[in-house]
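Chemist: Make a model of this:
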Amino acid sequence: MRTVMADELRLLVRGILGNRGLIERDAGIMAECLVHANLRGTDSHGVMRLPHYVHRLDKGSINPRPNMRVTRTGPATATLDGDHGFGHVANWDAMGVALDLAREAGIGFIGVNHSNHCGALSFFAHRAVEAGMIGIAFTQTDKGVVPFGGRVPFCGTNPLCFGIPTLSGPPIVLDMATSTVAGGSIYKARLENRPIPPTWALDADGNPTTDPHKAAYWTPAAGAKGYGLGVIIDVLTGILSGGAFGPHIPIMYGDLDRKRDLCHLVGAVDYRRFAGADGFLDQVRTMVKDLHEQPTAEGVERVLAPGEPEHMKAVERSANGIPIDDSTWEELAALS
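Modeler: From the prediction side, this is the model:
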């Protein structure tokens, strides 16, 4: 394990992707998104994904220089064709369009199609928050989660994210998979050769396992609730934007030369258009303060708002550096 400062990691990512055909702007967005995840402690969506992305670039299933096109479909809606480029870049641009529409109409939603894996959704929600809006992001993934009552996977981990601005302090940010954990958390456990909790995954026979190397399918978060959310997100992303759903989505770590055609949905909401506008930011701040004052369970110092643990981790890692496991660092060094 080594510790790398965020700026050094960004420079490394930009160099690796710039040398493989990405324009400077897009390589910069990729670097910011991946390092954003590492800073927040979401290492499963950080630079450990880069070798896989490069393999897909080399195989031709990710377009390094996409011609992304936006088609406005209404006062508050549009579609962005990602042209099989990086999902990180497609969603970044889609959120920019959503913000423009929200400034005009109070709300903006952009469906993204012909895309790829997009990393941590909080990156896009933060863009909305920094613009003074509420940010929303959904994405589909390939099958991996067993439906409630089933024994083989149907939907993906299909995460969702909401970002809420506040008057002071970090925003409220909920970024979660609809599986018990994101698949990347299990891939990271494999890299580190450490056991996983028995509630995270099932083996190929449908039995709970603590061995990440035997983990074949993921469990839905909170049973029927996570399963239901995963299905809805597949509808709001894949079906709504003309893509595939569930078991019909090309798998991420399968045929690397096959385009994935993933779909996403990002949105921005202008809180100023609603009845609580005048006190909205202050009330959000008060809510967080009240949460902090709630009685705690044994061993817990303070109740935290969604996104606070990740914010605290980002502050610490910005100052002290990001831990990168040796195998990931060796892969990055080889790619560079």
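Chemist: Can you give the distance of stretch 52-70 from its chain's centre?
Modeler: 18 Å (C-alpha atoms, centre = their mean, to the nearest Å).
Chemist: Report the buried residues of that stretch.
Modeler: His52, Tyr53, Val54, Arg56, Leu57, Ser61, Ile62, Asn63, Pro64, Pro66, Met68, Val70 (16 or more other C-beta atoms under 10 Å). All C-beta spots, glycine's among them, are computed from the backbone N, C-alpha and C.
Chemist: For that stretch, which outside residues touch it?
Modeler: Stretch 52-70 is contacted by residues 16-17, 20-23, 26, 78-86, 89-90, 93, 97, 110, 116-117, 252-253, 255-260, 335 when judged by C-beta atoms under 8 Å, 6 or more residues apart in numbering.
Chemist: ok, now with 6 Å
Modeler: Here stretch 52-70 makes contact (C-beta atoms under 6 Å, 6 or more residues apart in numbering) with 20-22, 78, 80-85, 97, 116, 256-259, 335.
Chemist: Let's test this: mean pLDDT of it, rounded?
Modeler: Per-residue pLDDT over stretch 52-70 has a mean of 98.
Chemist: Then stretch 168-180?
Modeler: In this model, stretch 168-180 has a mean pLDDT of 96.
Chemist: Quick check: buried residues in it?
Modeler: Those would be Pro170, Pro171, Ile172, Val173, Asp175, Met176, Ala177, Thr178, Ser179, Thr180, for stretch 168-180 by 16+ other C-beta under 10 Å.
Chemist: Give me the three-state assignment for the spatially most central residue of the chain.
Modeler: The geometric centre of the chain, computed from its C-alpha atoms, lies nearest to Ala120 (C-alpha atoms, centre = their mean), at 2.4 Å. Following DSSP: H, G, I helix; E, B strand; the rest coil, Ala120 is assigned to coil.
Chemist: Enumerate every residue touching it.
Modeler: Counting by C-beta under 6 Å, 6+ apart, Ala120 has contacts Ala37, Thr42, His45.
Chemist: Checking the first one next. Helix, strand or coil?
Modeler: Following three-state DSSP, Ala37 is assigned to helix.
Chemist: Which of the contacts of Ala120 lies at the shortest distance from Pro147?
Modeler: His45 (24.0 Å; C-beta to C-beta).
Chemist: give the contact list for the closest one.
Modeler: Ala37, Gly119, Ala120, Gly184.
Chemist: Show me which of those are buried.
Modeler: Buried, going by 16+ other C-beta under 10 Å: Ala37, Gly119, Ala120, Gly184, out of the contacts of His45.
Chemist: Between the residues you listed, which sits nearest Pro165?
Modeler: Among the buried ones among the contacts of His45, and counting by C-beta to C-beta, the member closest to Pro165 is Ala120, at 18.5 Å.
Chemist: distance of that closest one from His292?
Modeler: 25 Å (C-beta to C-beta, to the nearest Å).
Chemist: Likewise for Ala131?
Modeler: 26 Å.
Chemist: and Leu101, what element?
Modeler: Using DSSP states H and E, the element containing Leu101 is helix 87-105.
Chemist: List of residues touching that helix?
Modeler: By C-beta under 6 Å, 6+ apart, the list of residues contacting helix 87-105 reads 26, 29-30, 33, 70, 75-76, 78, 80, 82, 108, 110, 112, 115-119, 124, 127, 131, 133, 264, 266-268, 270.
Chemist: Ok, stretch 8-20 next?
Modeler: So stretch 8-20 is in contact with Ala27, Gly28, Met30, Ala31, Leu34, Val35, Leu57, Leu335, Ser336, going by C-beta under 6 Å, 6+ apart.
Chemist: run the last query once more with 8 Å
Modeler: Applying C-beta under 8 Å, 6+ apart, the contact partners of stretch 8-20 are 24, 26-28, 30-32, 34-35, 38, 47, 50, 53-54, 57-58, 64, 322, 324, 332, 335-336.
Chemist: same question for that stretch, mean pLDDT?
Modeler: 98.
Chemist: could you pull out the helices for the protein?
Modeler: Using DSSP state H, the helices of the chain run over 6-18, 24-39, 50-59, 87-105, 122-130, 183-192, 224-234, 280-292, 308-320, 326-335.
Chemist: which of the residues in the helix holding Leu101 are buried?
Modeler: 87-102.
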